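# any chance you could fold what I've pasted below:
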Amino acid sequence: MEKKNILDVAKELGKIVSESEILVNYVNAKEAYDNDNDLHNIIREYTVQQKALENLAADETSNETLEKCIRDRIQVLYDKANESETMKKFDEAEAALNDILASINEVIRESIFERYPE
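Below is the predicted model:
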């Protein structure tokens, strides 16, 4: 089988995956994630607080009380983000997509090495 034929089969497999419920769920979850302003505000503040904590840790005269406050706020933000239905659905959809892609790769690899053992 020529390279072009292999790539044509791969393209057909990609089309099948693109029409699957798994990919449709991922696309919908990603769109909801991208459009969730509240979640993005939480993530943005989380990032800012993480940077503030890094800067504070680099400062030799850092304030332990301030550091604890920032750590506590980071934990609250982390929990809020992970409790978000949007984040949960996106994480689940992304995991399902990654799982099917990994399974496809494994099936291809196994079929190759059944014929030509390593």
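
# which residues of the protein score low on pLDDT?
Applying pLDDT under 70 to the chain picks out residues 117-118.

# show me what counts as buried in the longest helix belonging to it.
As assigned by DSSP state H, the longest helix anywhere in the chain is helix 85-115. For helix 85-115, the neighbour count (16 or more other Cβ atoms under 10 Å) marks T86, M87, K89, F90, A93, A96, L97 as buried. Bear in mind the C-beta positions are built from the backbone N, C-alpha and C, glycine included.

# ditto for stretch 59-79
Applying 16+ other Cβ under 10 Å to stretch 59-79 flags I70, R73, I74, L77 as buried.

# ok, so of these, who is nearest L13?
L13 lies nearest to L77 out of those, by Cβ to Cβ, at 40.0 Å.

# can you tell me how far the residue nearest to the closest one when sequence neighbours are not counted is from E31?
If the residues on either side of it in the chain are set aside, L77 comes closest to Y46, at 4.2 Å by Cβ to Cβ, 6 or more residues apart in numbering. To E31, Y46 is 22 Å away according to Cβ to Cβ, to the nearest Å.
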